[in-house]
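**Student:** The sequence isn't on hand, but the structure is:
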C-alpha cells in the first residue's frame, strides 16, 4: 500500500530537511521505508511513502540535516491500513524555535493546535509520564503543569493525542482495520462483551486493583481491536487477562496476561488464533530495572524494603516469577515482622507459597557497584552474596605512608615496648623499639570501596 498524508512543516522554523521514516507496529525498531524533503518548505506538504505492507505503521518525522543522521524527532503517529491516524506524539522544546514553545520557568504550554484535541498523555524525555489531573491538565488550548512542575530551558517534552477512527461502527463487532473507536470507561473488574469491541477503554478503577478479562478469541471476528489506556483511577496497575486458554503475542513473547501502569496505553488486535499487541508504551520493557531520581513518578516505587502484593502489582509479580531462585530471597515469613538479611539487602524477596506477597529491595544508605561478572556471577572478593542485590563489605585500598625528610624516606612503624630503645642501645621505658619495626606499605586490599550492593549495569538501545 502507499501511505499518503499531509504535514504542516512550519516554514521559516524548519530550515533543515524533513525526514520521514516508517516502521511496522509489530517490529517497531525495524525501519521499512524513508523519504526526505529539501527546504524551503511550504505551509502544507503531501507525503507519499510507497510500497508499504498492508499493516499498521508507526511514522516518525525528523528535522534532519539528511539521513542517516536523524536530527530532531518532531512528530510521531500511528497510521492504520485505511490511512486513519491513531495515536500521535507531538514533541516540543522549552525555549525552542517554535511559535508556541514554552519559555523557561513557565508552567503552561499554549497553542491553538491543541484546542479540541483528546490529549491522553504528557511526558518529559528522560523522566517519563506525568500523572494527569495531579501533575498536568489540558483545558482548551493550554496544557498546565501542576504540583510545582515547571518547564526548564532546553528540555524536550511530548504530548500524546488519541483519535477515534472515522468509520468505526461502535459495538458492531466489525473492524475498520485498526481505529480506536468510541471511548468507554471501566471502573470495576469487568469481563468484556461485544459492546466493547473496537473501542478505546479508559481504565479508571475505584479500587486499588482493576482486572479486565478479554472475550474468548473463538467468539470474535478476525481483526477485532481494543485500545486500553490508563490515566487516572485508584488502581496501582490494570491487569488484562485472557478468556479461556487463549494466548497473547507480545512483541515475539507469548504471555498469559498484560499490565498497564499510569500514563500507559496498549493497542491489540485479534489475528488468527492469538491476540497480537501492535502498539504499547515502552515502560513495560523496564520492569525490574532499578533507577534513581529526585521525586517519585508514575510506575516507580521506592526501594525501602516494604511489603507488596502481586495482585496489586501484577507486572512486577510476573517478572519476579521468572527470576531465577538464586537472584531472589524465598522466605515464607516475609509478610510478618521481617527485614532483609544483611548480605541480601538489594534483593527482592518472595514467600514461595501460593500467595503473592513480596518485599521490595532495601537500598537505603547503599552505594551501587557493578558486579565483576554480569553473566555467570562470582568473582567479587568479599561479596557476602555474589549475585545481583548481594552485599560487599567495605575495603581500604593498597597504600603506604612514606614520608620524605631531608632526602630520606621514612616508612616504618615502631612499637613502644621499653626495650631496644631509640636514644641509646638500652631499654628505656616509653621509647620506641627499633627491633620490632614494620613497613608502612602494601597495606589492605587492591582498591578503596564502600560497603555496596552489586547490580548489573544496562544501557537502553
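**Tutor:** Alright, I've got the coordinates. Just so we're clear, the structure is a prediction, and the values are computed from it rather than from any experiment.
**Student:** so what's the nearest residue to residue 23 once chain neighbours are set aside up against?
**Tutor:** Leaving aside its sequence neighbours, residue 23 sits nearest to residue 58 (C-beta to C-beta, 6 or more residues apart in numbering; 4.5 Å). In short, each C-beta sits where N, CA and C put it, glycine included. Residue 58 sits next to 22-25, 28, 76-79, 279 when contact means C-beta atoms under 8 Å, 6 or more residues apart in numbering.
**Student:** For whatever helix or strand residue 58 lives in, buried residues please.
**Tutor:** Residue 58 is part of strand 57-64 when elements are defined by DSSP states H and E. Within strand 57-64, the residues scored as buried using 16 or more other C-beta atoms under 10 Å are 57-64.
**Student:** what does stretch 331-350 give?
**Tutor:** Buried-residue list, stretch 331-350, by 16+ other C-beta under 10 Å: 331, 334-335, 340, 343-350.
**Student:** Mind checking which of those residues land in strands?
**Tutor:** 349-350 (DSSP state E).
**Student:** which one of the buried residues of stretch 331-350 sits closest to residue 106?
**Tutor:** residue 346 (40.0 Å; C-beta to C-beta).
**Student:** Return the residues in contact with that closest one.
**Tutor:** 303, 361-363, 366, 388-391, 453-455.
**Student:** Kindly reformat the residues you listed as JSON lines containing distance to residue 138.
**Tutor:** As requested, those are arranged in JSON lines below (distance: C-beta to C-beta, whole Å):
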{"residue": "303", "distance to residue 138": "33"}
{"residue": "361", "distance to residue 138": "36"}
{"residue": "362", "distance to residue 138": "39"}
{"residue": "363", "distance to residue 138": "36"}
{"residue": "366", "distance to residue 138": "40"}
{"residue": "388", "distance to residue 138": "41"}
{"residue": "389", "distance to residue 138": "41"}
{"residue": "390", "distance to residue 138": "46"}
{"residue": "391", "distance to residue 138": "46"}
{"residue": "453", "distance to residue 138": "41"}
{"residue": "454", "distance to residue 138": "44"}
{"residue": "455", "distance to residue 138": "38"}
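**Student:** Show me which of these has the smallest pLDDT value.
**Tutor:** pLDDT across those is lowest for residue 455, at 86.
**Student:** Roughly how far does it sit from residue 287?
**Tutor:** With distances taken as C-beta to C-beta, to the nearest Å, residue 455 is found 15 Å from residue 287.
**Student:** quick one: which of the two has more around it?
**Tutor:** Legend: neighbour count by other C-beta atoms under 10 Å for residue 455 and residue 287, higher for residue 455 (19 against 16).
**Student:** separation between that one and residue 369?
**Tutor:** With C-beta to C-beta as the criterion, residue 455 and residue 369 are 8 Å apart.
**Student:** quick one on the thing from earlier: skip ahead from the strand holding residue 58 and say which helix or strand is next.
**Tutor:** strand 72-79.
**Student:** Can you point out the buried residues in that following strand?
**Tutor:** Applying 16+ other C-beta under 10 Å to strand 72-79 flags 73-79 as buried.
**Student:** those helices in the stretch 301-450 of the chain, which residues are they?
**Tutor:** According to DSSP state H, counting those that start in this stretch, the stretch 301-450 of the chain carries its helices in the segments 314-322.
**Student:** any chance you could map the strands in it?
**Tutor:** 307-309, 329-330, 349-350, 357-359, 367-370, 391-392, 403-405, 408-410, 412-416, 432-439 (DSSP state E, counting those that start in this stretch).
**Student:** Need those in TSV (columns: distance to residue 182).
**Tutor:** What follows is these, written out as TSV (distance: least, C-beta to C-beta, whole Å):
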stretch	distance to residue 182
strand 307-309	34
strand 329-330	47
strand 349-350	41
strand 357-359	38
strand 367-370	47
strand 391-392	54
strand 403-405	82
strand 408-410	85
strand 412-416	83
strand 432-439	82
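**Student:** following the helix or strand of the chain with the lowest mean pLDDT, which helix or strand shows up next?
**Tutor:** Across the helices and strands of the chain, the lowest-confidence element by mean pLDDT, DSSP states H and E is strand 432-439, at a mean of 67. Of the helices and strands lying after strand 432-439 in sequence (DSSP H and E), the nearest is strand 452-455.
**Student:** For residue 45, list each beta-bridge partner.
**Tutor:** residue 7 (DSSP bridges).
**Student:** And the pLDDT for it?
**Tutor:** Note on residue 45: pLDDT of 81.
**Student:** That one is in contact with residue 38, isn't it?
**Tutor:** No. Counting by C-beta atoms under 8 Å, residue 45 does not reach residue 38; the two are 11.2 Å apart.
**Student:** Neighbour count for the two, which is higher?
**Tutor:** Neighbour totals were compared for residue 45 and residue 38, and residue 45 leads with 14 against 9 (other C-beta under 10 Å).
**Student:** From residue 148, how far out is the more buried one?
**Tutor:** 40 Å.
**Student:** got the contact list for stretch 292-304?
**Tutor:** Residues contacting stretch 292-304 (C-beta under 8 Å, 6+ apart): 127-131, 261-264, 283, 290-291, 308, 313, 346, 360-364.
**Student:** Got a quick ChimeraX command for the buried subset of those residues?
**Tutor:** Of those, the buried ones go into a single ChimeraX selection, burial set by 16+ other C-beta under 10 Å:
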select :128,129,130,131,261,262,263,264,283,290,308,313,346,360,361,362,363
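**Student:** what about residue 41, which helix or strand?
**Tutor:** Applying DSSP H and E, one finds residue 41 in no helix or strand.
**Student:** Count the residues that sit near it.
**Tutor:** Other residues close to residue 41 by other C-beta under 10 Å number 20.
**Student:** cool, and residue 323?
**Tutor:** So residue 323, with other C-beta under 10 Å, has 14 neighbours.
**Student:** mind starting the numbering at 149 from now?
**Tutor:** I'll keep to 149 as the first residue from here, and by that count the last item is residue 471.
**Student:** Please report phi then psi for the closest residue to it other than its chain neighbours.
**Tutor:** Once flanking residues are discounted, residue 471 sits nearest to residue 496: 7.2 Å by C-beta to C-beta, 6+ apart. For residue 496, the backbone dihedrals (degrees, to the nearest 10) come out as phi -70, psi 150.
**Student:** Tell me the predicted confidence for residue 307.
**Tutor:** Reading off the confidence values, residue 307 has pLDDT 91.
**Student:** Look up how far residue 195 lies from it.
**Tutor:** Taken as C-beta to C-beta, the span from residue 307 to residue 195 is 22 Å.
**Student:** Those two - which one has more neighbours?
**Tutor:** Using other C-beta under 10 Å as the criterion, residue 307 and residue 195 rank with residue 307 on top: 21 against 16.
**Student:** Pull the contacting residues for that one.
**Tutor:** Contacts of residue 307 by C-beta under 8 Å, 6+ apart are 237-238, 240, 257, 262, 267, 269-270, 286, 291.
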